[in-house]
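In: Kindly return the folded structure for what I paste below:
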Amino acid sequence: MTTEPQFIAALQAIATHPAARGLADDAAVLEIGGEALVLTHDMLVEGVHFLPGQDPADVAWKLVATNLSDLAAKGAEPLGVLLGYQLGEDDARFLEGLQEVLEHYGVPLLGGDTVGGAGPQTMGLTALGRATHRPVPSRGGAKPGDRLYLSGPLGAAMVGFEALKSGTGDSTAYRRPMAMLAEGWALAPHVTAMMDVSDGLLLDAVRMARASGVSFDIVPAAVPLSCPEYLRDEALRWGDDYQLLFTLPAGLEPPITAHLIGQALAFAEESLLLDGQAPPAHAALGYEHH
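Out: Okay, here's the model as predicted:
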């Protein structure tokens, strides 16, 4: 069985259209008639991305919000979504949540497909958006000397996940993440690179650094938290907070509330440094499928 990075590397040899951006970005960007169409697709699998027995309305919310978060990282305005859905035990409750999240963001359902089947429930969503700024931000534009920012605190989803498992505490941040669309629109004209943090800050920072051909030196103590300080190391590696990670040229202040957490350096031997030092070899930096 191939690993996720190996499979993506094989797909990159097939996805040669310029719109695919080498499969190194959050979304595809298709230039059509003077407009840029932004397309993204994410999947959720029971037991991997949501807990068995979790409220299907919350699963519907997360499915839509995570895809819209990819559009936010491109500064794109959502135009609609296409749903791929495996029938489950409470489809009526899923539909309630789907209608709620689509109404919250003002996004229409345009179509999709449904299937039956046994085993863990699987669903996917394709979100379509229109770029609000050209060129459309990518992961690959950071330059040495740029400052690295995070739009908000990490750790709320991690704490929410534990609360959901235990049945105590507030699990909203994990169950119903928010896509930072307005922040993405405000940032798009200014950033040199941008992505959303879905698989863990450190892992996603590595991805953006590699796409940009730079190294990021992150100051862990500067990363804002929504969890106790003793969980900082875990929060840097946990995903599902969907904050925006972006770079700006030195001297340019972000147009939104954001936190300076590091800087871009000319690439040396490592894509990621923490307080000037490489992370421990073979340490997990975030979530990857195996």
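In: Can you report how many residues lie near A60?
Out: 26 (other CB atoms under 10 Å). Every residue, glycine included, has its C-beta placed from N, CA and C.
In: Let me know the helix or strand that the closest residue to it other than its chain neighbours is in.
Out: Leaving aside its chain neighbours, A60 sits nearest to G97 (3.4 Å; criterion: CB to CB, 6 or more residues apart in numbering). Using DSSP states H and E, the element containing G97 is helix 91-105.
In: list the buried ones in stretch 250-264?
Out: 254, 256, 258, 261-264 (16 or more other CB atoms under 10 Å).
In: re earlier: what packs against the helix holding G97?
Out: Helices and strands touching helix 91-105, by 3 or more CB pairs under 8 Å, 6 or more residues apart in numbering; DSSP states H and E, are helix 56-72, strand 76-86.
In: Report the angle between the last one and helix 91-105.
Out: What it means is strand 76-86. Calculated by axes from the mean of the first three to the mean of the last three CA atoms, to 10 degrees, strand 76-86 forms an angle of 180 degrees with helix 91-105.
In: could you dump strand 76-86 to PDB, C-alpha only?
Out: Taking Å, rounded to 0.1, in the frame of the first residue of the first chain, the C-alpha atoms of strand 76-86 are listed here in PDB:
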ATOM      1  CA  ALA A  76     -12.500  33.000  -3.300                       C
ATOM      2  CA  GLU A  77     -16.200  33.800  -3.100                       C
ATOM      3  CA  PRO A  78     -18.200  30.500  -3.000                       C
ATOM      4  CA  LEU A  79     -20.600  29.900  -5.900                       C
ATOM      5  CA  GLY A  80     -22.000  26.500  -5.000                       C
ATOM      6  CA  VAL A  81     -21.200  22.900  -3.900                       C
ATOM      7  CA  LEU A  82     -21.600  19.400  -5.300                       C
ATOM      8  CA  LEU A  83     -22.300  16.600  -2.800                       C
ATOM      9  CA  GLY A  84     -21.100  12.900  -3.000                       C
ATOM     10  CA  TYR A  85     -23.000  11.000  -0.200                       C
ATOM     11  CA  GLN A  86     -23.100   7.400   1.000                       C
END
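In: So for that strand, what gets flagged as buried?
Out: By 16+ other CB under 10 Å, the buried positions in strand 76-86 come out as 76-79, 81-86.
In: out of these, what pair is the most spread apart?
Out: Maximum pairwise distance among the buried residues of strand 76-86 (CB to CB): 29.3 Å, between E77 and Q86.
In: Distance check, I261 against G251.
Out: Shown here: I261 relative to G251, a distance of 17 Å by CB to CB, to the nearest Å.
In: How about N67?
Out: 34 Å.
In: same thing with V191?
Out: According to CB to CB, V191 and G251 sit 14 Å apart.
In: In the stretch 101-250 of the chain, what residue spans correspond to helices?
Out: Along the stretch 101-250 of the chain, counting by DSSP state H, counting those that start in this stretch, helices occupy 156-166, 172-175, 181-187, 201-212, 232-237.
In: looking at those, which is buried most?
Out: Scoring the helices of the stretch 101-250 of the chain by mean neighbour count under mean count of other CB atoms under 10 Å gives helix 201-212 as the most buried, with a mean of 23.
In: which residues sit in contact with the residue nearest to F246 when sequence neighbours are not counted?
Out: In space, and not counting its chain neighbours, F246 is closest to M194: 4.0 Å by CB to CB, 6+ apart. If you count contacts by CB atoms under 8 Å, 6 or more residues apart in numbering, M194 has them with 73-75, 137-139, 184, 187-188, 244-247.
In: Show me which of those are buried.
Out: By 16+ other CB under 10 Å, the contacts of M194 give 73-75, 137-139, 184, 187-188, 244-247 as buried.
In: could you dump the buried residues of strand 76-86 to JSON lines with distance to M158?
Out: Below are the buried residues of strand 76-86 laid out as JSON lines (distance: CB to CB, whole Å):
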{"residue": "A76", "distance to M158": "27"}
{"residue": "E77", "distance to M158": "30"}
{"residue": "P78", "distance to M158": "27"}
{"residue": "L79", "distance to M158": "32"}
{"residue": "V81", "distance to M158": "27"}
{"residue": "L82", "distance to M158": "30"}
{"residue": "L83", "distance to M158": "28"}
{"residue": "G84", "distance to M158": "28"}
{"residue": "Y85", "distance to M158": "28"}
{"residue": "Q86", "distance to M158": "27"}
